[in-house]
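>>> based on what follows, work out the 3D shape:
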Amino acid sequence: MYYKQELAGILFEILSHEMDVKELEMLIEKPKSQLHGDLAFPCFTLAKLKRKSPNVIAQELSEKIQSPIFEKVEVVGAYINIFLNKKLVSEAIIAEITKQKEEYGALNIGNNRNVTIDMSSPNIAKPFSMGHLRSTVIGNALAFIVEKCGYKPIRINHIGDWGTQFGKLITAYKLWGDAEKVKQNPIKELLTLYIKFHEEAESDPSLVEQGRSWFKRLEDGDEEALLLWKWFRDESLQEFSRIYELMNVQFDSFAGEAFYNDKMDRVVKLLEEQQLLVESDQAQVVELTDEGLPPCLIKKSDGATLYATRDLAAALYRKENYNFDLSLYVVGNEQSLHFKQLIAVLDKMGYQWAKKMVHIPFGMMLKDGKKMSTRKGKVVLLEEVLNESIAMAKNSIEEKNPNLTDKDTVAKQVGVGAVMFHDLKNFRMNDIEFSLEEMLRFEGETGPYVQYTFARACSILRKATWQTGTDIQISSTAWEKEWKVVVLLTEFPNAIKRSFEQLDPSQIAKYIVDLAQAFNKYYAEVKILEENAEQQARLALVSSVTIVLKEGLRLLGIEAPEEM
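As a prediction, this is how the structure comes out:
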């Protein structure tokens, strides 16, 4: 990052300010092979500007590029290849990481402004399935990433605690429910009732009508309906909190759908005042033809409000209460149209901040290539997966390191981390095939592999009883074997910046896998603990790797055990 800026600044001066320094920086590339240096500047853009051959320009510029951090400047066709001074750069980056520790890579672009993150949001009275994992872990990682960039994250769990499904559930409970069974195993029992309702409704359509009728009673404040709803909600939240605790995920707000029941009339009034509501098939809608979108349904023909009304009320509430600079919605890809409409309606209402609302879509979690469905009972429970993953991690520890202290804590860190990393290493728009075996592998691109590399590096530092704080002097000018690791360490701030700009945690996951692989290769080639002139510098490099791996895992919401 810094060396790109250095080169751009030098070129800016040589070119007598003919091109903007930021434009020059954008043109600088990283060569695919280290044989072609560490930075490359293509001269094609300058050829148009100067009306000269790019090869000639490359030759002319290369003769004028000078800096103590550039070891060699070489021309290959239209490219200027820059080789960094390994000794100077290595000393500088190790000193910086040693000094800054976990602060390394922080970007102060947020100025402590608020970012609301709508994430997780499971439905009450339904189990917390693997399908909910994605919104939870992507939202959690983005909260850490925006915080690293200087913002203040506000994690909001917009619980699905309202809607016609509650009418169906109350109907099912009244017909076939058993209070004792529900008390003993609330979510499992409520799910069984919910599935039974849908199975029975296929042959008995009157059940759907009963469901609607119970939901109407709930909306009207019927005492029995409210009592059952509150019971289902409380039991569910208790169950969810156990799973969040397991994953070490916390929230600043649990304001769900029901919270906005008394805030929707205001939205309808505002839309009426601005004459944005029109009637269509007896329903009230906001036309979005100019925006190239279908109309946004605000009120049904029977006067009932909808998701869009609720989300408009939530957006207004969040802006007024949190004054967000950015509002992120980590919600599945299938809701893309809904969020386009939501933002378009707020924009039509004259709210400039609507442009700061961003839908962060993601692909599906698949089981045997198919989407998981609660309604059909085809669901994989997240808690069961986490517990199984922890048990598998515990078995692995018993086999490989039976004398490890605090095995249970480490097994939890590895088991839970494996499940989270398996999701986060994928670009969020990709669908993910659920596979417990794949998650827990200790080699390849997995969480346990990165955690194991961190623990291995910590073990080297313990054996050497290395003390931080010594000035690092690299005696050898080569440092060839270390160089790949050093270059990756310089890349950490870039990985954070990319993950923030693209709102994609996989940028950091891929980065720490690359760093772990480079370190393991280095560890296999070099006797780090051998006492020689390079030992202190090498240990400082190992220490830098532990700092960056641990921080990279933390940004994904994953813990890093020092022993495994």
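
>>> which residue, neighbours along the chain excluded, lies closest to residue 135?
Counting by Cβ to Cβ, 6 or more residues apart in numbering, residue 135 lies nearest to residue 330, which is 4.9 Å off, once chain neighbours are set aside. Placement of C-beta: from N, CA and C, glycine included.

>>> ugh, typo on my part, it should be residue 239
Spatial nearest neighbour of residue 239, chain neighbours left out: residue 187 (5.1 Å); criterion: Cβ to Cβ, 6+ apart.

>>> residues near that neighbour, how many?
Neighbour count for residue 187, taken as other Cβ atoms under 10 Å: 21.

>>> likewise the one 5 residues further on?
Around residue 192 sit 17 other residues, with neighbours defined as other Cβ under 10 Å.

>>> ok, now residue 480?
Residues lying near residue 480 (other Cβ under 10 Å) number 10.

>>> kindly report the same for residue 222.
Neighbours around residue 222, by other Cβ under 10 Å: 15.

>>> wait, residue 479 touches residue 85, no?
No: with contact defined as Cβ atoms under 8 Å, residue 479 does not reach residue 85; the gap is 10.1 Å.

>>> which residues in the stretch 51-200 of the chain form helices?
Per DSSP state H, counting those that start in this stretch, the stretch 51-200 of the chain carries helices over the ranges 54-62, 86-100, 133-148, 164-176, 179-184, 186-203.

>>> contacting residues around residue 550?
Residue 550 sits next to 102, 454, 560 when contact means Cβ atoms under 8 Å, 6 or more residues apart in numbering.

>>> please look at the residue nearest to residue 135 and residue 133 and confirm they touch.
No: the criterion here is Cβ under 8 Å, and residue 330 misses it with residue 133 at 11.7 Å.

>>> is the residue nearest to residue 135 in a bridge, and if so with what?
Here residue 330 sits in beta bridges with residue 360, as judged by DSSP bridges.

>>> need the contact list for it.
Taking Cβ under 8 Å, 6+ apart, one finds 117-120, 135, 138-139, 142, 360, 362 in contact with residue 330.

>>> how about the residues you listed in TSV, adding distance to residue 392 and pLDDT?
Listed next are those as TSV, based on distance: Cβ to Cβ, whole Å; pLDDT from 0 to 100:
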residue	distance to residue 392	pLDDT
117	31	98
118	33	97
119	27	96
120	25	96
135	25	94
138	24	96
139	26	97
142	28	98
360	31	96
362	26	91
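
>>> from those, pick the one nearest residue 490.
Nearest to residue 490 among those is residue 142, at 24.1 Å by Cβ to Cβ.

>>> quote the end-to-end distance of stretch 322-332.
The straight-line separation of the ends of stretch 322-332 (Cα to Cα, to the nearest Å) is 24 Å.

>>> also stretch 492-508?
Span of stretch 492-508 from end to end, Cα to Cα: 8 Å.

>>> name the residues that touch that stretch?
If you take Cβ under 8 Å, 6+ apart as the criterion, stretch 492-508 is touched by 1, 104-107, 109, 138, 141-142, 145-146, 148-149, 328, 358, 360, 424-428, 510-511, 548, 551-552, 555-556.

>>> can you pull out the low-pLDDT segments for the stretch 151-300 of the chain?
Residues of the stretch 151-300 of the chain meeting the criterion pLDDT under 70: none.

>>> ugh, wrong one, I meant the stretch 1-150 of the chain
1.

>>> try the stretch 401-550 of the chain
For the stretch 401-550 of the chain, applying pLDDT under 70 flags the ranges 469-471, 476-478.

>>> now do the helices in the stretch 301-450 of the chain.
For the stretch 301-450 of the chain, the helices defined by DSSP H, counting those that start in this stretch cover 307-322, 336-348, 382-400, 407-424, 436-439, 447-464.

>>> tell me the most buried of those helices?
helix 407-424 (a mean of 23; mean count of other Cβ atoms under 10 Å).

>>> compute the inter-axis angle for it and helix 447-464.
Angle of helix 407-424 versus helix 447-464, following axes from the mean of the first three to the mean of the last three Cα atoms, to 10 degrees, is 130 degrees.

>>> ok, the closest residue to residue 44 other than its chain neighbours - how many residues close by?
Distances taken as Cβ to Cβ, 6+ apart place residue 54 nearest to residue 44, at 5.0 Å, with adjacent residues excluded. Counted with other Cβ under 10 Å, residues neighbouring residue 54 total 18.
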